[in-house]
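**Q** sequence plus predicted model, see below.
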Amino acid sequence: MKRITLLSFLFLLMISPSVQALSWAYPFVVWKGNVYEVKREELIEDNKIGKIIGEVKTKPNNMTGNYYGNVSNYYPKGTNYYEIKEVSTSTAIAVKEDRHWVKAVFVYKAPFHIMNVISNIYFISVVILFVIGVILFRIKKS
């Protein structure tokens, strides 16, 4: 009886779900399909900050590492991105952190994700126009 109890307990330990999560190499933000590494040690003066150009809208999947759209693995949703005066946004952007601005430097193009297409306003507009066209065609035909 003791042996069955011990074996049952060991079996339950073996089939219990394991917990895992990714550990990111560095904090990043994604804007318009570009990944920017946040250089938290590179502060930017207030007078060099331009207009708001975007914001964090989603978070990456910590199990798979997949992400799409304007995302950050460090900043919460709603965190704004800003342009840096006299610096191209293809090179660097700024992110407000607490009471100061930090620089985020372009590192690479974000990987393709189908949600980038599906959530695109132009794609949604084309689908809506297509559906309206089909409805009007069917009404006109009958």
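**A** Perfect, thanks for sending it. Numbers count the residues shown, from 1 in each chain.
**Q** contacts and neighbour counts: CA atoms only from here.
**A** Fine.
**Q** export the helix or strand where residue 94 lies as CSV, just CAs?
**A** Element membership for residue 94, per DSSP states H and E: strand 92-97. Extracted in CSV, the C-alpha atoms of strand 92-97 (Å, rounded to 0.1, in the frame of the first residue of the first chain):
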residue,chain,number,x,y,z
ALA,A,92,16.3,56.5,-32.6
ILE,A,93,13.2,57.5,-30.7
ALA,A,94,12.6,58.5,-27.1
VAL,A,95,10.6,57.0,-24.3
LYS,A,96,9.5,58.8,-21.1
GLU,A,97,10.6,56.9,-18.1
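**Q** please, where are all the strands along the chain?
**A** Ranges of strands in the chain, per DSSP state E, are 28-31, 34-44, 49-55, 80-84, 92-97, 100-109.
**Q** quick check: mean pLDDT across the fifth one?
**A** Model confidence over strand 92-97 averages 92 on the pLDDT scale.
**Q** buried ones in that strand?
**A** Using 16 or more other CA atoms under 10 Å as the test for burial, strand 92-97 gives 92, 93, 94, 95, 96.
**Q** so what's the fourth one bridging to?
**A** When bridges are assigned using DSSP bridges, the partners listed for residue 95 are residue 81, residue 102.
**Q** before we move on, the earlier item: how distant is the strand holding residue 94 from the center of its chain?
**A** Relative to the centre of its chain, strand 92-97 is centred 15 Å away, using CA atoms, centre = their mean, to the nearest Å.
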